[in-house]
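*Asks:* sequence? don't have it. structure:
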């Protein structure tokens, strides 16, 4: 049963991608309907798979040779992320029915969206590290194609290229890990590594650990790779919600959580993970404060919240990290799609040109505020419980100075969240023209996410059970009831954290009286607006890579005969080397 559901969760979106593309763009309504149907079917299959979660290999595809067997395990960590990818993916597709109405090349759009959903499911369910790398690279390709979907827009193309190049650092790290794993153990089996990390030499294990940290940082837009995600906001907004809030950027956090049992004893690794999360969370939160682009604010917020998850993995409390990943996937997808409804109506992403939209967009305002309150970490929304679990873990398992700085980050989050809501929905109206609320398909996608932001914290107990030792024997996550988990949150440190959040809200409310402080911190705002210098560094990396590729283009003659000759010569050399080696 589990094997069939795994194949359906991966295969249905891929089949849908092919069918929607073959239908052709002259049949827009059919394309919308098919995309929705295939994405929903994949979501249903993934949800049913929750009932078959276990630690044993559920599906083996014998390939043999250097590739080994392609294996899939429906354990709690993988199934949970498969559900997020398919369910939120299907909601993004439903939202697209209104948002992408009348767009050209709709088949290309839906094909890449569905191809991405299937690849993300494969990435989290496979237990073969080489196959994980393949899925990892497919998600990067789809991300690039969708960021640059409007390929007549230079900013979109530049954003796509930048995302592709920077995230390839992650691909290199993962491929290095696969090569080292098979060279030392003779297998790509992830669970074999988790069961006995001591079977790998200490030096090799350290290279694996830090290589995977680089891979995770690149994929999840963590320090020092954090600048690619804001530029990815040139993608259509449903893509921002699907790939850059709820799914692909979670892959890095997933990688750290998956391999935590193997790497936790590598000298300095957990401290490095905590430091990466801390620096990212603070830097991105400050950048969100000074941005006036609605989608970029949400992008910086995503980077910051991913920093909290990475920090939690470093503290050793994997459950808190994954519980916040669940909460964040819901409320951030809600915020991105809500922002999409606003942008679709107003025609701009600049919050300075908005204001007072709440009266004309009452439904969007309500659901957006629900997501904003969850982001700010206010009771009783899902973001409150999961973020407090992370802060509790930080207080117990990290240096006190790190915990204090993460608290400061929570206050800054509340400040920029309140600023964003106020600039968009309140104050003096600035947008002109016909302002309309979200369409029917948009509302169908937004309503479940708003409900989820209000209620998914109730799943804490079942979530800890599915991540428990029955499906994840090496992570030491003990199943507890929802009330036991929430009881850990209700404590004095939580009251302190809520006080910091309240200060952040108060700071925005009394912003006029704090003008002097704002001027004194002007230098920090200028540094944040320039991405603290990392934008220039990453731009240099991108230009250098593009320059190298242009230089190598002379090897591509464009003449088929010469290309075939080159391939044949390379094969002869390869076989000669192998023969001599044998």
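*Replies:* Perfect, thanks for sending it. Being a predicted model, the structure only gives us computed values, none of them experimental. Numbers count the residues shown, from 1 in each chain.
*Asks:* correct me, but residue 138 touches residue 115?
*Replies:* Yes: at 7.2 Å, residue 138 and residue 115 qualify as touching, with contact defined as Cβ atoms under 8 Å. Just so you know, the C-beta spots here come from the backbone N, C-alpha and C atoms, and that holds for glycine as well.
*Asks:* more neighbours, those two?
*Replies:* Set residue 138 next to residue 115 and count neighbours by other Cβ atoms under 10 Å: residue 115 wins out with 22 against 18.
*Asks:* okay, now the unreliable bits of the stretch 301-450 of the chain?
*Replies:* Scanning the stretch 301-450 of the chain for pLDDT under 70 picks out the ranges 431, 433.
*Asks:* quick one: contacts for residue 154?
*Replies:* Shown in contact with residue 154 (Cβ atoms under 8 Å, 6 or more residues apart in numbering): no residues.
*Asks:* now with 10 Å, please.
*Replies:* The neighbours of residue 154, taking Cβ atoms under 10 Å, 6 or more residues apart in numbering as the test, are 148, 234.
*Asks:* that one and residue 148, how far apart?
*Replies:* 10 Å (Cβ to Cβ, to the nearest Å).
*Asks:* which neighbours do these two share?
*Replies:* residue 234.
*Asks:* checking residue 414 next. Helix, strand or coil?
*Replies:* Three-state assignment for residue 414 (DSSP: H, G, I helix; E, B strand; the rest coil): helix.
*Asks:* quick one, what contacts it?
*Replies:* 285, 372-373, 375-378, 498, 500-508.
*Asks:* run the last query once more with 8 Å
*Replies:* 376, 377, 500, 501, 502, 503, 504, 505.
*Asks:* the second one and residue 497 touch, don't they?
*Replies:* I take that to be residue 377. Yes: checked against Cβ under 8 Å, the pair residue 377 and residue 497 is within contact range at 7.4 Å.
*Asks:* tell me which of the two has more neighbours.
*Replies:* Taking other Cβ under 10 Å, residue 377 and residue 497 do not tie; residue 377 has more neighbours (28 against 24).
*Asks:* next one: phi and psi at the residue nearest the centre of the chain?
*Replies:* Nearest residue to the geometric centre of the chain (Cα atoms, centre = their mean): residue 249, 2.1 Å. Backbone geometry at residue 249, expressed as degrees, to the nearest 10, gives phi -70, psi -20.
*Asks:* quick one on the thing from earlier: can you lay out the contacts of residue 414 as TSV showing secondary structure and distance to residue 397?
*Replies:* Compiled in TSV, those are given as follows (DSSP: H, G, I helix; E, B strand; the rest coil; distance: Cβ to Cβ, whole Å):
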residue	secondary structure	distance to residue 397
376	helix	24
377	coil	20
500	helix	20
501	helix	22
502	helix	26
503	helix	25
504	helix	25
505	helix	28
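*Asks:* residue 321: which of those residues is nearest?
*Replies:* residue 377 (15.6 Å; Cβ to Cβ).
*Asks:* how close does the closest one get to residue 487?
*Replies:* Shown here: residue 377 relative to residue 487, a distance of 18 Å by Cβ to Cβ.
*Asks:* and what of residue 110?
*Replies:* Distance from residue 110 to residue 487, by Cβ to Cβ: 45 Å.
*Asks:* next one: residue 199
*Replies:* Per Cβ to Cβ, residue 199 is found 40 Å from residue 487.
*Asks:* domain-wise, how is the chain divided?
*Replies:* Domain ranges of the chain: 128-182+199-529, 530-582, per automatic domain parsing.
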